[in-house]
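Peer 1: output the structure for:
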Amino acid sequence: MAMAPAEGGALPVHAVHEDADILVLHKPAGLLCVPGRGPDKQDCLSARAQQRWPGALIVHRLDQATSGLVLMARHIDAQRRLGLAFEQRQVHKRYVAVVQGHMGQAGDGTWAEIDLPIAADWERRPLRVIDATLGKPSLTRWCADAHDAAANTTRVLLEPVTGRTHQLRVHLAAVRHAILGDALYADAATQALAPRLLLHASDLALAHPATSEPLQFHLAPDF
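Peer 2: Numbers count the residues shown, from 1 in each chain. Have a look, this model is predicted:
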């Protein structure tokens, strides 16, 4: 794993993969993917990456509270090709989360779906809600990986088929299995069970934008 030198006080960027066309980076929980509003929100993954790889471009994002793999392009043509691959659902993503309660049969490899439409909650932005009338079709595949009976929690694998804002968090909360540490969608007791959101982007699979070579990347969570 490569590490970029810190500049200007910013922390290093961990690269899982780099070549002339793409970067696969490890975003820690709590770090923005792109700059936010205000001088206190300028430190972000893209800014840190551009210090080491000038011209690096964002292709997709993770929530600030989510950790894991983020794909960036080294130039505009790669960004265009990767953006199209995301639009056409040719990039496979998998997440790991720890949720409240006993969810599914762990360890049997059975996948199920949460198919609930998601809409913006304009009065409580940036929150999202399940809305059968105004919501956009949203589909998440999930598989129970392990149960912790003592804590009454379940480790789940998640695959978002669509890519709505906060989709995994909203869907799990909607089926009464909110993610531990979720400050937006979990109740106070579930928030308090973890010091951070226990949601991690663990796997990416895609065709290389220049060579079409199949690529797979994995980064285990630290929880």
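
Peer 1: pretty sure residue 136 sits against residue 165.
Peer 2: No - the pair residue 136 and residue 165 does not pass the contact test of CB atoms under 8 Å, sitting 10.0 Å apart. Placement of C-beta: from N, CA and C, glycine included.

Peer 1: what residues are shared contacts of the two?
Peer 2: When contacts are counted by CB atoms under 8 Å, 6 or more residues apart in numbering, residue 136 and residue 165 have residue 118 as shared neighbours.

Peer 1: then residue 93 would be within a strand, right?
Peer 2: Yes - using DSSP: H, G, I helix; E, B strand; the rest coil, the assignment for residue 93 is a strand.

Peer 1: name the single longest helix found in the chain.
Peer 2: Criterion DSSP state H: the longest helix present in the chain is helix 76-87.

Peer 1: what's it packed up against?
Peer 2: Contact here means 3 or more CB pairs under 8 Å, 6 or more residues apart in numbering; DSSP states H and E; on that basis helix 76-87 packs against strand 57-58, strand 67-73, strand 199-207.

Peer 1: do that again at 6 Å, thanks
Peer 2: Using 3 or more CB pairs under 6 Å, 6 or more residues apart in numbering; DSSP states H and E as the contact definition, helix 76-87 packs against no other helix or strand.

Peer 1: relative to strand 199-207, how tilted is it?
Peer 2: With axes from the mean of the first three to the mean of the last three CA atoms, to 10 degrees defining the directions, helix 76-87 sits at 110 degrees from strand 199-207.

Peer 1: in three-state terms, label residue 159 for me.
Peer 2: Judged by three-state DSSP, the three-state class of residue 159 is strand.

Peer 1: now for it: which residues touch it?
Peer 2: Contact partners of residue 159, counting by CB atoms under 6 Å, 6 or more residues apart in numbering, are 94, 141.

Peer 1: 8 Å instead?
Peer 2: The neighbourhood of residue 159, defined by CB under 8 Å, 6+ apart, consists of 92, 93, 94, 95, 111, 140, 141, 142.

Peer 1: give me the number of residues near the closest residue to residue 44 other than its chain neighbours?
Peer 2: For residue 44, ignoring the flanking residues on the chain, the nearest one in space by CB to CB, 6 or more residues apart in numbering is residue 32 at 4.0 Å. The criterion is other CB atoms under 10 Å. On that basis, residue 32 has 18 neighbouring residues.

Peer 1: from here on, call the first residue 50.
Peer 2: Got it, first residue is 50 now, which makes that one residue 81.

Peer 1: next one: phi and psi at residue 81?
Peer 2: Residue 81 has phi and psi values of phi -70, psi 150 when expressed as degrees, to the nearest 10.

Peer 1: then residue 79?
Peer 2: Given degrees, to the nearest 10, the pair of backbone angles that residue 79 has is phi 90, psi -10.

Peer 1: that one and residue 239, how far apart?
Peer 2: For residue 79, the distance to residue 239 equals 19 Å [CB to CB, to the nearest Å].
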